[in-house]
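Q: Here is a sequence together with a model predicted from it:
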Amino acid sequence: EEAADLVKNAFRCFKESDCTLLEINPLALTNDGRILACDAKVKIDDNAGFRQKKHAKAQDLTQIDAREVRAAKFDLNYIHLDGNIGCMVNGAGLAMATMDIIKLHGGEPANFLDVGGSATEAQVMEAFRILDEDPQVEAILVNIFGGIMRCDIIALGIIKASSTLGLRKPLVVRLKGTNVEKAKELIDDSGLGVHFNENLDNAAEKAVKMAEIIKMAQAAKLDIRFEL
């Protein structure tokens, strides 16, 4: 009966707290026959924060990557990885496909970064700041499909980030969809050394090759810049 009550309470907690994980481990049987939950791991859905304000206040941000905390403040979906190719994409599916094609060409993605379907210039700017400040990132690949997201907004963010942050890392951009021609025009008129490629396969391959060149240059203690 005690075990049944524990399972019922665990399920109620899982449901009422919008959990994505509730793991009791270890679950012990004491010498006097009692069931005891010695420890537990609980994860609450980030999207349910507006309902779970009490739990949200208890969140320990020191246990989360500082870049992920910064990204969340700008409504960016960011996860840090171990590679050297910084990725900026809109849409989780496109992000996964972009990471796969980077790996196909021998590279490793440095992050999962989804700016979403309605990103502002400020959000794009912050996304670039996060990528630019990551010492692991040796080249950046932007892959945007402009459905809801307008390509010209991404272009404006690229231009502002390049001028404000002084981006030195090689940047490969692949844009398709809404206002793509306007985006190309903005980038061309900016005079920035952005490597524009409409083919995702070619864009990913170029980003990987650039990162390899950067790595070799760093090993030889050389400072290089890429020009169109």
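A: That came through, no problem.

Q: rest of the way, CA atoms for contacts and neighbours
A: Noted.

Q: Touching stretch 14-24 from outside, list them.
A: Contact partners of stretch 14-24, identified using C-alpha atoms under 8 Å, 6 or more residues apart in numbering, comprise 10, 13, 37-45, 48, 52.

Q: gap between the two ends of that stretch?
A: Here the two ends of stretch 14-24 are set 12 Å apart, with distance taken as C-alpha to C-alpha, to the nearest Å.

Q: Tell me the buried residues in that stretch?
A: 14, 17-19 (16 or more other C-alpha atoms under 10 Å).

Q: Quick check: buried residues in the strand or helix carrying Thr98?
A: Using DSSP states H and E, the element containing Thr98 is helix 92-104. By neighbour count, with 16+ other C-alpha under 10 Å as the criterion, the buried positions of helix 92-104 are 95, 98-99, 101-103.

Q: Identify the farthest-apart pair in these.
A: When the buried residues of helix 92-104 are compared pair by pair using C-alpha to C-alpha, the farthest-apart members prove to be Ala95 and Lys103, with a separation of 12.5 Å.

Q: The helix holding Thr98 - what's its average pLDDT?
A: Averaged across helix 92-104, pLDDT comes to 93.

Q: now stretch 208-222
A: Taken as a whole, stretch 208-222 has an average pLDDT of 90.

Q: export it as CSV, just CAs?
A: What follows is stretch 208-222, C-alpha atoms only, in CSV (Å, rounded to 0.1, in the frame of the first residue of the first chain):
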residue,chain,number,x,y,z
VAL,A,208,34.5,22.8,-42.5
LYS,A,209,37.4,23.6,-44.8
MET,A,210,37.8,27.1,-43.4
ALA,A,211,37.8,25.7,-39.8
GLU,A,212,40.6,23.3,-40.8
ILE,A,213,42.6,26.2,-42.2
ILE,A,214,42.1,28.2,-39.1
LYS,A,215,43.2,25.2,-36.9
MET,A,216,46.4,24.7,-39.0
ALA,A,217,47.2,28.4,-38.9
GLN,A,218,46.8,28.5,-35.1
ALA,A,219,49.1,25.5,-34.8
ALA,A,220,51.7,27.4,-36.9
LYS,A,221,51.1,30.6,-34.8
LEU,A,222,49.8,32.4,-37.9
